[in-house]
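**Q** Sequence below, structure please.
(2 chains)
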Amino acid sequence: MNGRRNHHEYRYKQHHLWQHNVPTRVVFWVFTFAFLAVIVTLFSTQFQSVLPRSIGSVFSRISIGKLLSYGLFTFLRLLTAYVLGLVATAVVIFLVSIHEKIEAFLVPILDILQSVPVLAFFPLIIIAFADLHAPEFSALIVLFMAMTWSVMFGALGGLHQIPEDIFEAAEIYGAKGFKKFTKIIFPSIFPNLVTGSILSFGAGWNVIIISEYINYGRVEIRLPGLGNLLSSSAGNDPGIFLMSLITLVLIITLVNRFVWHRLTNYSEKFKFE
Amino acid sequence: MIKIDNVQKKYGRAAVLNDINLEINDQEFLCLVGESGSGKTTLLKIIAGLIAATRGEVYIDNKILEGINFDSSMVFQNGALLPWLTAKENVLLPFELTGTNYDQKEIEQLLREVEVHDFENKTPRDLSGGQRQRVGIARALAVKRKILLLDEPFSALDIKTATELRQDLLDLWKTKKLTVIMVSHLVEEAVELADRIVVMKGGQIQARINVDLARPRNPESKEFIKVSDHIKAIIES
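**A** So this is what the prediction gives:
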């Protein structure tokens, strides 16, 4: 009950802040209008002649069902890569929490891996999985490489923020192994995981085009998804391009509103003062 | 009985504890006092098994301590409570962590005894400093270990709350027949509570003082002030 009350108090404060903090509202609307102005300018100059015609007949070239299913495919691909990243993060955090020496060994390796640019690494992955007729795997690996690090390093940062006396109390009261991880460490780093996850999805959306529309040498792969749609329609079908963009923005907004916003509020209760 | 035999603790080349020899009797109330950096908290953590000594041994009932001292429980300066759990859930945390059963009636009784029951469903965020320490004490007592270690438990509290909690701690020490080792930087607090005070300085034991004053002790009495001044003089020397 108390947790629920805290949650409501927090939500109230957030709402209150939004209602009464004029600079916040001004910044929000300035950014929104700036974004819309860029879109309008882009379309009005580049596609002035073809845009109205293209939009008018867009649903004869692509159905809403296909647009939404492509959106769903892209989202599921991102979600799969994210879950894989989350599992990898859990394993790393579990290992690191066992002993400082494991951290000293693992973190430099992860640091090198996270600095490998996903685009430079990409051709090798494409060729490998194209030969195996498994293009979804190449897309997943590209997404994984782009999405995992913000969650993993966020969680590692969170691990170091846990007060020392919490670990000491856990040890004195017999916490070990998996129980220590699930009862102490995971809840303690939960706020960092949420923040890392938001950044992770942001990074994921950034690479959907290169993960779904692959054209490298003899290899050409097109996976069903918004990235592919955006890439293939850019420059030749502004109607489909715009609809894909709107679908993308819609999905990002819904995920943000119904997942990340709620999880961010919920994670407040796990924060140490 | 706890025996600390020639314990030394070094971090790199710097020794934070040197030649510590000390015996603590069952059901004794012992206070470790000294300035910051004197090594008192390090010694407490070595007794808890949280830190390994560089040299020397700690014996609990004639057995060498290896790893965590599961004959002891600990109360921390800031409570060390988990913010997402209620007060009662924090008290029950040791059972959750080890998967062991507990007696519901005994826990209810303990929560009443330590005066946690009124706010048992509140989270630490909604508790005062004194209430948090009560939860920390209740958690330490719930596991029924014979040694209670306290690391400056009242230093962050206001005078009135600290006075109340000190009295409650004395009552619990007597009724539960505990061996208590408490770190404090307040000489008056140590004189009010302890059977014996160990004064630490520069990582060494500077003095061991038996406090033979009858309880309850009056901080304004001549004897109390005399003992306090004597200890302060040792610390400042």
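**Q** elements contacting the longest helix along chain A?
**A** Counting residues, the longest helix found in chain A (DSSP state H) is helix A:64-98. Contacts defined by 3 or more Cβ pairs under 8 Å, 6 or more residues apart in numbering or on different chains; DSSP states H and E place helix A:64-98 against helix A:100-115, helix A:135-161, helix A:186-206, helix A:208-212, helix A:226-233, helix A:238-255. Yep, even glycine has a C-beta here, placed from its N, CA and C like the rest.
**Q** let's go with 6 Å and repeat that
**A** Secondary-structure packing of helix A:64-98 (3 or more Cβ pairs under 6 Å, 6 or more residues apart in numbering or on different chains; DSSP states H and E): helix A:100-115, helix A:135-161, helix A:226-233, helix A:238-255.
**Q** and of these, who's closest to residue B:179?
**A** helix A:100-115 (31.9 Å; Cβ to Cβ).
**Q** which of the residues in that closest one are buried?
**A** Along helix A:100-115, these residues count as buried under the neighbour rule (16 or more other Cβ atoms under 10 Å in any protein chain shown): A:103, A:110.
**Q** Pull the CA coordinates from that helix and hand them back as CSV.
**A** Taking Å, rounded to 0.1, in the frame of the first residue of the first chain, the C-alpha atoms of helix A:100-115 are listed here in CSV:
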residue,chain,number,x,y,z
GLU,A,100,36.6,-8.3,-7.9
LYS,A,101,39.2,-10.3,-9.9
ILE,A,102,36.5,-11.4,-12.4
GLU,A,103,35.6,-7.8,-12.9
ALA,A,104,39.2,-6.8,-13.4
PHE,A,105,39.4,-9.5,-16.1
LEU,A,106,36.0,-9.1,-17.8
VAL,A,107,35.5,-5.3,-17.9
PRO,A,108,38.5,-4.5,-20.1
ILE,A,109,37.4,-7.1,-22.6
LEU,A,110,33.9,-5.8,-22.7
ASP,A,111,35.3,-2.3,-23.0
ILE,A,112,37.1,-3.3,-26.2
LEU,A,113,34.1,-5.1,-27.5
GLN,A,114,31.8,-2.1,-27.0
SER,A,115,34.2,0.1,-28.8
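**Q** can you tell me if it touches chain B.
**A** No. Using Cβ under 6 Å from any Cβ of the partner chain, helix A:100-115 never reaches chain B; the gap is at least 13.8 Å.
**Q** okay if I get the helices and strands packed on helix A:64-98 as JSON lines plus mean pLDDT and distance to residue B:150?
**A** Below are the helices and strands packed on helix A:64-98 laid out as JSON lines (pLDDT from 0 to 100; distance: least, Cβ to Cβ, whole Å):
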{"stretch": "helix A:100-115", "mean pLDDT": "90", "distance to residue B:150": "27"}
{"stretch": "helix A:135-161", "mean pLDDT": "92", "distance to residue B:150": "25"}
{"stretch": "helix A:226-233", "mean pLDDT": "90", "distance to residue B:150": "59"}
{"stretch": "helix A:238-255", "mean pLDDT": "90", "distance to residue B:150": "48"}
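**Q** Return the most buried member of those.
**A** helix A:226-233 (a mean of 23; mean count of other Cβ atoms under 10 Å in any protein chain shown).
**Q** which helices and strands sit right next to that one?
**A** Counting by 3+ Cβ pairs under 6 Å, 6+ apart, helix A:226-233 packs on helix A:64-98, helix A:208-212, helix A:238-255.
**Q** So which residues of chain B form strands?
**A** For chain B, the strands defined by DSSP state E occupy B:2-11, B:14-24, B:29-34, B:55-60, B:63-64, B:72-75, B:147-151, B:179-184, B:196-201, B:204-210.
**Q** tell me the centre residue of chain B?
**A** With distances taken as Cα atoms, centre = their mean, the residue of chain B nearest its centroid is residue B:150 (1.8 Å).
**Q** Can you tell me how far the nearest residue to residue A:92 once chain neighbours are set aside is from residue A:264?
**A** Using Cβ to Cβ, 6 or more residues apart in numbering or on different chains and skipping the chain neighbours, the partner closest in space to residue A:92 is residue A:152 (6.0 Å). Applying Cβ to Cβ, to the nearest Å, the value for residue A:152 to residue A:264 is 19 Å.
**Q** what sits against residue B:7?
**A** B:20, B:53, B:56 (Cβ atoms under 6 Å, 6 or more residues apart in numbering or on different chains).
**Q** Could you rank these by neighbour count and give me the top one?
**A** The most crowded member of the contacts of residue B:7, judged by other Cβ atoms under 10 Å in any protein chain shown, is residue B:20 (23 neighbours).
**Q** Could you find the closest non-adjacent residue to that one?
**A** residue B:7 (4.2 Å).
**Q** Check that neighbour and give its pLDDT.
**A** On pLDDT, residue B:7 comes in at 97.
**Q** got it, and residue A:37?
**A** 69.
**Q** Assess the claim that residue A:137 and residue A:129 are in contact.
**A** Yes. Contact criterion Cβ atoms under 6 Å: residue A:137 and residue A:129 qualify, at 4.7 Å.
**Q** any shared contact partners between these two?
**A** Joint contacts of residue A:137 and residue A:129 (Cβ under 6 Å, 6+ apart) do not exist.
**Q** Now residue B:217. Its backbone dihedrals?
**A** Phi and psi for residue B:217, reported as degrees, to the nearest 10, are phi -90, psi 140.
**Q** tell me, what residue is most central in chain A?
**A** In chain A, the centroid-proximal residue (Cα atoms, centre = their mean) is residue A:201; its distance is 0.4 Å.
**Q** Per-residue pLDDT of it, please?
**A** pLDDT, residue A:201: 94.
**Q** quick one: it from chain B, how far?
**A** Distance, residue A:201 to chain B, by Cβ to the nearest Cβ, to the nearest Å: 24 Å.
**Q** Also residue A:116?
**A** Computed with Cβ to the nearest Cβ, the distance linking residue A:116 and chain B is 36 Å.
**Q** Can you report how many residues neighbour that residue?
**A** 10.
**Q** now swap in the one 4 residues further on and tell me
**A** By the criterion of other Cβ under 10 Å, residue A:120 has 8 neighbours.
**Q** what's the helix or strand for it?
**A** helix A:118-131 (DSSP states H and E).
**Q** Just the residues contacting that helix, thanks.
**A** Residues contacting helix A:118-131 (Cβ under 6 Å, 6+ apart): A:137-138, A:141-142, A:145-146, A:214, A:216, A:219.
**Q** Which of those residues sits closest to chain B?
**A** Set against chain B, the nearest of the contacts of helix A:118-131 by Cβ to the nearest Cβ is residue A:146 (31.0 Å).
**Q** returning to that earlier point: out of the contacts of helix A:118-131, give me the two with the largest separation.
**A** Using Cβ to Cβ, the contacts of helix A:118-131 span at most 19.7 Å, a distance reached by A:146 and A:219.
**Q** circling back to that earlier point, which one of the helices and strands packed on helix A:226-233 lies nearest to residue B:87?
**A** Nearest to residue B:87 among these is helix A:64-98 (26.2 Å), distances taken as Cβ to Cβ.
**Q** pLDDT on that closest one, on average?
**A** Mean pLDDT, computed over helix A:64-98, is 95.
**Q** again with stretch B:219-227
**A** Here the average pLDDT along stretch B:219-227 is 95.
**Q** got it, and stretch B:195-204?
**A** 96.
**Q** Could I get the buried residue list for it?
**A** B:195-201, B:203.
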